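Peer 1: Make a model of this:
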Amino acid sequence: MNDENLISLATRSKRERTEIGRKGAAAATAKKNERKTYLEIAETIFNSPLGEKSSAAVKKLLPEYEDTVTGKVGMFVGQLSAAAKGDAKAYKNIAPLIEQLEGASGDSNNFSIPARLLSSAFVDVNRSIDNRDYLEYVLKGGRGSAKSSFYGLKIPELIMNNPDIHGLICRKVANTLRDSVFAQIWWGICELGLEKKFKKTTSPLEITYLKTGQKIFFRGADEPEKIKSIKTDFGYIGILWFEEFDQFNGDEEIRQIQQSAIRGGDMAWIFKSFNPPITNLNWANKYCLIPKNNRLVHHSTYLTTPKEWLGQPFLDEAELLERINPRAYKHEYLGEIVGTGGQVFENVTIRKIEDKEKTAFDWCYFGQDWGYFPDPNAFVGCYYDSARMKLYIYEEIVANKMRNEDWAKVIESHLSDKIVADSAENKSIEDFRAYGFNMRAAEKGSGSVDYSMKWLQSRAEIIIDPGLCPNAAREFSEYEYDRTKSGEVISSYPDKNNHCIDAVRYATEEIWRKRGQ
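Peer 2: Sure thing, here's the model as predicted:
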């Protein structure tokens, strides 16, 4: 023991006391910096593809920490590397140490969404979720209302503050997950500045909170066995989010998923979000009208979202639609239910298109839907008046049992016109290109059917000449939403009696793919 340390501070000079205080503060700072370095090393290891455990490998990975990475951190690095590979036991071993380090570094164990990221519409909802006032929260509303963005922020926060709980996020179709809710959650994590605390993988589609090993799973209702087979290494699924709630096949399907997912714990949140379908017959719209003590139904619109979040083009588009088609504006942007039946297109006008109207058709669009029998080949010609948001369907050719070479002769007057065709038959498209047609494949993809159908619904008017286009007139006027076995209307579009409709979607693709048109 150093005898110098036994001398009382009270008997020391002011200069000596100052020097001792300076050395103590420097030592505390050095210790804090050492802990911070450990955390930085941990985050780098977690986000690295390397799984090596040796100090040499870590020095190679972390050259800026070469003086820090010595033998004394070897075991720590080994556990980090194993955890980064998904070793649940390693997670449990290092979690207390990381928690201790974070606590020593001044990190809070109770994370909250910063006020700057919360739209005013969700302040009370956010508080209610924290207070656990309800089991179920249904957020509905129009385009741009930020309801999905709110869940994208809230779910990571709940994961961080509840170490025994995992999350499950569902959409109706599995192949829509990656570009929607998976991207939405990762967006929220990045907005919160937490991307180094989480790790994402795409096979399987999961996001892991590195401190505890908690996971956020992503599953489609079209693969129910993958929902039932989810097993967690610890804790239980206590967060469940149904995005695009109305696209599921009714309350029974939702209930079955809830029963499979939410069990084994005392605390849970069930989240649901959707834009209300146009018709009051839709099951999701009716679901929200049924009183339930442990459910909060909340409605929001873009009008409560900060304008800088939306951008001026979004606001201009909303203003234009409000002026041109107030009914569509109320449905799309205000989330109002403006239809009474199951009809998809309530903006169709069946009438003769006059010759003087056709003289204004300066640029037309052509689409091809393939068929043979019983489904026919369907070719359509359209004109779009963007200023008035009116779509004219003035030409159709529909026939069964037509070989490609025969069909080419039928539509040969459009040899030089740009034709967008169903990409399901690339061989047919190549045939027509060989025949000299300017034909290309439609750019399908996740959400393209829903978006194009909603685009058609929101036009001020779809005008169809029944004399020239009898099949298109029949399809558009009779097309209705799908229904469950019990007769409930759901928000999916039946793939039948829609050949001209599909051809119109392909023809107008380059318009509706440009957001704001």
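
Peer 1: Which neighbouring elements make contact with whichever strand or helix holds S428?
Peer 2: Assigned by DSSP states H and E, S428 belongs to helix 426-434. Helix 426-434 sits against helix 404-410, strand 418-421, strand 438-441, with contacts defined as 3 or more C-beta pairs under 8 Å, 6 or more residues apart in numbering; DSSP states H and E. Where you see a C-beta, it was placed from the backbone N, CA and C, and this is true even at glycine.

Peer 1: buried residues in that helix?
Peer 2: Residues 428-429, 431-432 are the ones in helix 426-434 that count as buried (16 or more other C-beta atoms under 10 Å).

Peer 1: from the chain's centre, how far out does that helix sit?
Peer 2: On the basis of C-alpha atoms, centre = their mean, to the nearest Å, helix 426-434 is displaced by 35 Å from the centre of the chain it belongs to.

Peer 1: what does stretch 186-200 give?
Peer 2: 15 Å.

Peer 1: Then stretch 451-465?
Peer 2: 24 Å.

Peer 1: Using CSV, list the CA coordinates for that stretch.
Peer 2: Presented in CSV, the C-alpha positions along stretch 451-465 are these (Å, rounded to 0.1, in the frame of the first residue of the first chain):
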residue,chain,number,x,y,z
TYR,A,451,-52.1,0.4,-56.7
SER,A,452,-53.3,0.3,-60.2
MET,A,453,-56.9,-0.6,-59.2
LYS,A,454,-57.0,2.2,-56.7
TRP,A,455,-55.6,4.6,-59.3
LEU,A,456,-58.4,3.6,-61.7
GLN,A,457,-61.0,4.0,-58.9
SER,A,458,-59.7,7.5,-58.1
ARG,A,459,-60.1,8.9,-61.6
ALA,A,460,-62.7,11.5,-62.0
GLU,A,461,-64.4,9.4,-64.6
ILE,A,462,-63.9,6.2,-66.7
ILE,A,463,-65.8,6.7,-69.9
ILE,A,464,-66.4,3.5,-72.0
ASP,A,465,-68.1,3.4,-75.4
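
Peer 1: buried set for it?
Peer 2: 452-460, 462-465.

Peer 1: farthest pair in these?
Peer 2: K454 and D465 (24.2 Å; C-beta to C-beta).

Peer 1: returning to what we had before: with respect to I129, which of the buried residues of stretch 451-465 is nearest?
Peer 2: K454 (29.4 Å).

Peer 1: and that closest one, what does it touch?
Peer 2: Going by C-beta atoms under 8 Å, 6 or more residues apart in numbering, K454 touches E332.

Peer 1: try it again with 6 Å
Peer 2: Shown in contact with K454 (C-beta atoms under 6 Å, 6 or more residues apart in numbering): no residues.

Peer 1: got it, and the one 5 residues further on?
Peer 2: Residues counted as contacts of R459 (C-beta under 6 Å, 6+ apart) are 389, 391.

Peer 1: can you check the one 10 residues further on too?
Peer 2: Residues in contact with C469 (C-beta under 6 Å, 6+ apart) are 393, 396.

Peer 1: any idea how far S120 is from it?
Peer 2: 48 Å (C-beta to C-beta, to the nearest Å).

Peer 1: Identify the bridge partners of I350.
Peer 2: I464 (DSSP bridges).

Peer 1: Could you tell me the model confidence score at it?
Peer 2: You'll see I350 listed with a pLDDT of 90.

Peer 1: Could you check how far G341 is from I257?
Peer 2: Relative to I257, and taking C-beta to C-beta, G341 is found at 29 Å.

Peer 1: So between those two, which is more surrounded?
Peer 2: Between G341 and I257, counted using other C-beta atoms under 10 Å, the more crowded position is I257 (21 against 13).

Peer 1: and the more buried one, how far is that from R219?
Peer 2: If you go by C-beta to C-beta, the gap between I257 and R219 works out to 9 Å.

Peer 1: Equivalent analysis for H331, please.
Peer 2: Taking C-beta to C-beta, one finds H331 at 30 Å from R219.

Peer 1: Which parts of the stretch 151-300 of the chain are helices?
Peer 2: 183-191, 224-228, 251-261, 283-287 (DSSP state H, counting those that start in this stretch).

Peer 1: one step back: would you mind giving the helices and strands packed on helix 426-434 as JSON lines with mean pLDDT, distance to R127 and mean neighbour count added?
Peer 2: What follows is the helices and strands packed on helix 426-434, written out as JSON lines (pLDDT from 0 to 100; distance: least, C-beta to C-beta, whole Å; neighbours: other C-beta atoms under 10 Å):
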{"stretch": "helix 404-410", "mean pLDDT": "96", "distance to R127": "62", "mean neighbour count": "14"}
{"stretch": "strand 418-421", "mean pLDDT": "97", "distance to R127": "49", "mean neighbour count": "21"}
{"stretch": "strand 438-441", "mean pLDDT": "96", "distance to R127": "50", "mean neighbour count": "17"}
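
Peer 1: Show the model's pLDDT score for R459.
Peer 2: 92.

Peer 1: same check, this time on the one 4 residues further on
Peer 2: As predicted, I463 sits at a pLDDT of 96.

Peer 1: For it, give me its contacts.
Peer 2: 349, 392.

Peer 1: ok, 8 Å please
Peer 2: By C-beta under 8 Å, 6+ apart, I463 lies in contact with 349, 351, 353, 390-393.

Peer 1: now I501
Peer 2: 472, 475-476, 479.

Peer 1: how close does the residue nearest the centre of the chain sit to S416?
Peer 2: Centroid-nearest residue in the chain, with C-alpha atoms, centre = their mean: S180, separated by 2.2 Å. Taking C-beta to C-beta as the measure, S180 falls 39 Å from S416.

Peer 1: try H499
Peer 2: 24 Å.

Peer 1: same check, this time on Y479
Peer 2: Distance, Y479 to S416, by C-beta to C-beta: 32 Å.

Peer 1: Now for A261: which residues touch it?
Peer 2: A261 neighbours (C-beta under 8 Å, 6+ apart): 168, 227, 230, 237, 240.

Peer 1: try it again with 10 Å
Peer 2: Taking C-beta atoms under 10 Å, 6 or more residues apart in numbering, we find A261 in contact with 166-168, 170, 217, 219, 227-228, 230, 236-240, 268, 270.

Peer 1: among those, which one has the lowest pLDDT?
Peer 2: K228 (87).

Peer 1: That residue touches S260, doesn't it?
Peer 2: Yes. K228 lies in contact with S260 (C-beta atoms under 10 Å); the separation is 5.1 Å.

Peer 1: Out of the contacts of I501, who's the most crowded?
Peer 2: A472 (28 neighbours).

Peer 1: Now do that residue, the pLDDT please.
Peer 2: Per the predicted model, pLDDT is 95 at A472.

Peer 1: Domain-wise, how is this structure divided?
Peer 2: According to automatic domain parsing, the chain comprises the domains 17-104, 115-310, 348-512.

Peer 1: Can you check which of those gets nearest to D316?
Peer 2: domain 115-310 (10.2 Å).

Peer 1: pLDDT weak spots in this protein?
Peer 2: 1-109, 515-517 (pLDDT under 70).
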